[in-house]
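*Asks:* from the sequence below, what's the structure:
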Amino acid sequence: MGEGDRLNDFEARLAALKHKLESGLMERARLLRELAGRLEAGDEAVRKQIKTESHKLRGVAGTYGHADLTDLAGRLEQRASISPPAA
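*Replies:* Now for the predicted structure:
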């Protein structure tokens, strides 16, 4: 395997990793939108799941340097932790 082949293989692996990361972020964002819709519709049972998923998103986004997404996920996690006001 020549130098060029190794470089091409490395670039292909990086591209695959980037694609996997972006797909995972998009899937987690889709799930959070779905859960937020359920919460807005009155399903308080999803509050814990929103907190868990936003915590995971914050970790992954932070690991890969997505500061804005990390901040947004952190705020979402905090908001999900706050119980709704008493009726």
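*Asks:* so the residue positioned nearest the centre of the chain is in which element?
*Replies:* The structure's the chain has its C-alpha centroid closest to Leu57; by CA atoms, centre = their mean the separation is 3.0 Å. Using DSSP states H and E, Leu57 maps to helix 47-63.
*Asks:* following element in sequence after that helix, please.
*Replies:* helix 67-81.
*Asks:* mind listing what's buried along that next one?
*Replies:* For helix 67-81, the neighbour count (16 or more other CB atoms under 10 Å) marks Leu69, Thr70, Leu72, Ala73, Gly74, Leu76, Glu77, Ala80 as buried. All C-beta atoms are positioned from the backbone trio N, CA, C, and that covers glycine.
*Asks:* would you reformat those as JSON lines and include pLDDT?
*Replies:* Shown next, in JSON lines, are these (pLDDT from 0 to 100):
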{"residue": "Leu69", "pLDDT": "85"}
{"residue": "Thr70", "pLDDT": "86"}
{"residue": "Leu72", "pLDDT": "86"}
{"residue": "Ala73", "pLDDT": "86"}
{"residue": "Gly74", "pLDDT": "87"}
{"residue": "Leu76", "pLDDT": "84"}
{"residue": "Glu77", "pLDDT": "85"}
{"residue": "Ala80", "pLDDT": "82"}
